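>>> next one to model:
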Amino acid sequence: MTDEKFALEVAHAADLLAVSLVARGAVETEEVSHRELMRQAKVLIAAYRSPHSALSHSEQVLDVARRHLTALRALQTPSGLFAGGDNVQSPPDSAFTINDVCDAFVIADGGGADLGDLILMLAEIASAASDALLAGGVHTPNHRWELCAALARLHRSFPDDRYLRRIEEWLGEGVDIDDEGLYSERSPNYAAHVSNPSLLLLSDVLSRPDLRDIVERNLTTTLDLIRPDGTVETVQSRRQDQNDRFPLA
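Got it, this is the predicted structure:
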């Protein structure tokens, strides 16, 4: 059952970005990273599909989404990884983008003939990156789960047992969570934005409730780290958020 009130609020929040992107029209490729390009494209496709959006079934939305995907494809190197970002042709950095590519594919799939070319573009981008993501390594502990999530999403839409085997190799290292429910980086930021959502996705795609249990352990620990001002304590973090306030939301 769909929570209509929640769906309406999500659509309105997405429209805040989508309406401005459509009004702008042009894609500012020199100022926007591959991750942001794809995030924007996903929001545009979602706005087109949502009956709650002010841009529902707008041809302008599809036109701007095409421009975004064309710009994104141009940033994809012969390896299938994306140029730009903090690391050069990085599998985990590219995995963040491919996760959004695959989610956008799911959103667009079944949306009718008008979305046919976008679906094909998304599939081509995902396919081009797949071999590099299968072979690639990582830079930080949380990157393992972002990379695994990308492989799981690829398998969800483009089934291939190679993706599953590679995920099992990464999971075979064990999830880096301690007895207190903190991941090895002890970072509220990376737990909330990378490890937890990635492990939840893996739990769903792989039918692994034990991975969901790990996320619940971390969230339970987070309850004890909430400060009076509604932020989460970060002094324990081993990452760059150690001295920053992190909002609970």
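
>>> now the strands for this protein?
231-232, 246-247 (DSSP state E).

>>> winner for burial among those?
strand 231-232 (a mean of 19; mean count of other C-beta atoms under 10 Å). Using the backbone N, CA and C atoms, a C-beta is placed for each residue, glycine as well.

>>> which residues are contacting that one?
188, 222, 225, 226, 245, 246, 247, 248 (C-beta atoms under 8 Å, 6 or more residues apart in numbering).

>>> kindly report the same for stretch 1-12.
Contacts of stretch 1-12 (C-beta under 8 Å, 6+ apart): 47, 50, 52, 53.

>>> how about stretch 125-134?
With C-beta under 8 Å, 6+ apart, stretch 125-134 has contacts from 69, 72-73, 76, 79-82, 89, 91, 94-95, 98, 101-102, 105, 147, 150-151, 154, 157-158, 160, 162-163, 166.

>>> before we move on, the earlier item: from the contacts of stretch 1-12, pick the one nearest residue 140.
residue 47 (32.6 Å; C-beta to C-beta).

>>> quick revisit: among the contacts of stretch 1-12, which pair sits farthest apart?
47 and 52 (9.3 Å).

>>> quick one: the helices in this protein?
Using DSSP state H, the helices of the chain run over residues 4-24, 34-49, 59-74, 91-108, 116-135, 141-157, 161-171, 188-190, 196-206, 209-223.

>>> those helices: which one's closest to residue 233?
Of these, nearest to residue 233 by C-beta to C-beta is helix 188-190, at 7.6 Å.

>>> who's in contact with residue 102?
With contact taken as C-beta under 8 Å, 6+ apart, residue 102 is in contact with 122, 126, 150, 153, 154, 156, 157.

>>> and if we set it to 10 Å?
For residue 102, the contacting residues are 42, 122-123, 125-126, 149-158, 201, by C-beta atoms under 10 Å, 6 or more residues apart in numbering.

>>> quick one: buried ones out of those?
Neighbour-count burial (16 or more other C-beta atoms under 10 Å) is assigned, among those, to 42, 122-123, 125-126, 149-156, 201.

>>> follow-up on the earlier one: select only the buried ones of the contacts of stretch 125-134 in ChimeraX?
This is how ChimeraX selects the buried members of the contacts of stretch 125-134, with burial counted by 16+ other C-beta under 10 Å:
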select :69,72,76,79,80,81,82,89,91,94,95,98,101,102,105,147,150,151,154,163,166
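
>>> list the contacts for the nearest residue in space to residue 111 that is not next to it in sequence?
Of all residues beyond its chain neighbours, the one nearest residue 111 is residue 49 (5.4 Å), with distances taken as C-beta to C-beta, 6 or more residues apart in numbering. Residues near residue 49 by C-beta under 10 Å, 6+ apart: 11, 56, 57, 61, 104, 107, 108, 109, 110, 111, 112, 115.

>>> picking up where we left off before, among the contacts of stretch 1-12, which one has the most neighbours?
Of all the contacts of stretch 1-12, the most densely surrounded is residue 47 (26 neighbours; neighbours counted as other C-beta atoms under 10 Å).

>>> quick one on the thing from earlier: between the contacts of strand 231-232, which sits nearest residue 27?
Using C-beta to C-beta, residue 247 comes nearest to residue 27 of the contacts of strand 231-232, at 30.2 Å.

>>> next one: the closest one from residue 188, what distance?
9 Å (C-beta to C-beta, to the nearest Å).

>>> now do residue 69
In this view, residue 69 and residue 188 are 33 Å apart by C-beta to C-beta.
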